[in-house]
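>>> Following is a predicted model, sequence given first.
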Amino acid sequence: MSNLDQYEPPQVWQWNPEGSGTWANINRPVAGPTHDQVLPVGRHPLQLYSMGTPNGQKVTILLEELLALGLQEAEYDAHLIQIARGDQFGSGFVHLNPNSKIPALLDRSTPAPTPVFESGAILLYLAEKFGQFLPRTPHGRTQCLCWLFWQVGSAPYLGGGFGHFYRYAPTPIQYCIDRFALEVKRQLDVLNRHLEQHQYMAGDQYSIADIAIWPWYGGVVQNTLYDAAQFLDAQSYTHVVRWAAEIARRPAVQRGRIVNRTWGPLADQLHERHDASDFDQRTQDKVEAETQPGDA
């Protein structure tokens, strides 16, 4: 398209995968599986099928936090779903999540295995199942859920909107970038004003609201998401910066954020997690070192 100003929508839209940019091969206007693919199953009660995007990180961080409390019933296998390869459209994954988006969880500890999809729903399911990271007072619980659902509703602007047009769109379009940058900065201001008065999102208690919000907005202010911190003047949101740094120091967060990750420094990639020892033994730097030919 040579002149964006002259585009006129047709009477009936037709999908053109050739013009859809970087993610053309993973987006389509219909649902359902594209191929048969049986999902692997590990030995733990919880089976997670995911990738280390912000939505995937939410679940692995919570699981690592639960394990850090000594709750061995939260042991899990994290299987990598390669979204660029289309694994999310395999029949096994679509059976768990008809929406074909990561993450998806299968809880095999229940009388009939329980599938759970949508990252916010998975966080709430696990928090209720284990009785952790969800305040127990009516006021605290309500505040936590308000912020959890705020994140679920806001992230499409940050990810599907700003992130797409700022980082991935085949052509930079000022109107689109400005439109979504405006909304993301408003959201950062919402967080900053709240965190000026509170240590965490639900008050003085770390909760699934923080776990949901941190991979997205913490990623922005710590410049690990879209490389956009300078563009958005993220350091000016000082209370978000404080909160993000505090959460980033938690050992469970440091573990959970690298699970199912396939980019960045090799030491920060744990493609699959099946045992706690994998963090010490199976990060990608060690895997690749094992596969290097020895000295002649």
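Noted; the coordinates are in hand. Nothing here was measured: the structure is a model prediction, and the numbers come from that model.
>>> Now do Ala169 against Tyr175, distance only.
Distance, Ala169 to Tyr175, by CB to CB, to the nearest Å: 12 Å. The C-beta positions use only the backbone N, C-alpha and C, and glycine is treated the same way.
>>> whoops, Asp87 was the one
34 Å.
>>> The two: which is more packed in?
Asp87 (21 against 9; other CB atoms under 10 Å).
>>> Once you drop chain neighbours, what's closest to the more buried one?
Residue nearest to Asp87 in three dimensions, not counting chain neighbours: Ile81, with 4.5 Å by CB to CB, 6 or more residues apart in numbering.
>>> Is there a neighbour count for the one you found? I'd like the number.
Using other CB under 10 Å, the number of residues around Ile81 comes to 24.
>>> For it, grab phi and psi.
phi -110, psi 110 (degrees, to the nearest 10).
>>> Just the pLDDT at it, thanks.
Note on Ile81: pLDDT of 98.
>>> next one: Ala296
The model reports Ala296 with a pLDDT of 43.
>>> Also Ala248?
Ala248 carries a pLDDT value of 98.
>>> mind listing what it touches?
Contacts for Ala248 (CB atoms under 8 Å, 6 or more residues apart in numbering) come out as Trp214, Gly218, Gln222, Gln254.
>>> Reformat the residues you listed as a markdown table; add distance to Val287.
Output for the contacts of Ala248, formatted as a markdown table (distance: CB to CB, whole Å):
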| residue | distance to Val287 |
| --- | --- |
| Trp214 | 27 |
| Gly218 | 27 |
| Gln222 | 26 |
| Gln254 | 19 |
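>>> Quick check on these: which are buried?
Buried subset of these (neighbour count, 16 or more other CB atoms under 10 Å): Trp214, Gly218, Gln222.
>>> For Phe180, state which of those is nearest.
Within those, the smallest distance to Phe180 is 18.6 Å, found for Gly218 (CB to CB).
>>> Helix or strand: which one has His194?
Secondary structure assigned from DSSP states H and E places His194 in helix 174-197.
>>> what comes into contact with the helix or strand just after that helix?
Per DSSP H and E, the first helix or strand lying C-terminal to helix 174-197 is helix 208-213. Contact with helix 208-213 is made by 58, 61-62, 65, 119-120, 123-124, 127, 133-134, 143-145, 147-148, 151-152, 191, 200-202, 243, 247, as judged by CB under 8 Å, 6+ apart.
>>> Which of the contacts of Ala248 fall in helices?
Gln254 (DSSP state H).
>>> Once you drop chain neighbours, what's closest to the most centrally placed residue in the chain?
Central residue check for the chain by CA atoms, centre = their mean: the C-alpha nearest the mean position is that of Asn55, 1.6 Å away. With CB to CB, 6+ apart as the criterion, Asn55 has its nearest non-adjacent residue at 4.4 Å, and that residue is Ser119.
>>> Then Gly42?
Gly42's closest residue in space is Asp77 (CB to CB, 6+ apart), at 2.9 Å.
>>> So which elements touch the strand or helix carrying the one you found?
Element membership for Asp77, per DSSP H and E: strand 76-80. In terms of contacts (3 or more CB pairs under 8 Å, 6 or more residues apart in numbering; DSSP states H and E), strand 76-80 is packed against strand 46-50.
>>> Run through the strands of the chain in chain order.
Taking DSSP state E, the strands of the chain run over residues 46-50, 76-80, 104-107, 114-117.
>>> Tell me which of those strands sits most buried.
strand 46-50 (a mean of 25; mean count of other CB atoms under 10 Å).
>>> Tell me the confidence at Glu183?
97.
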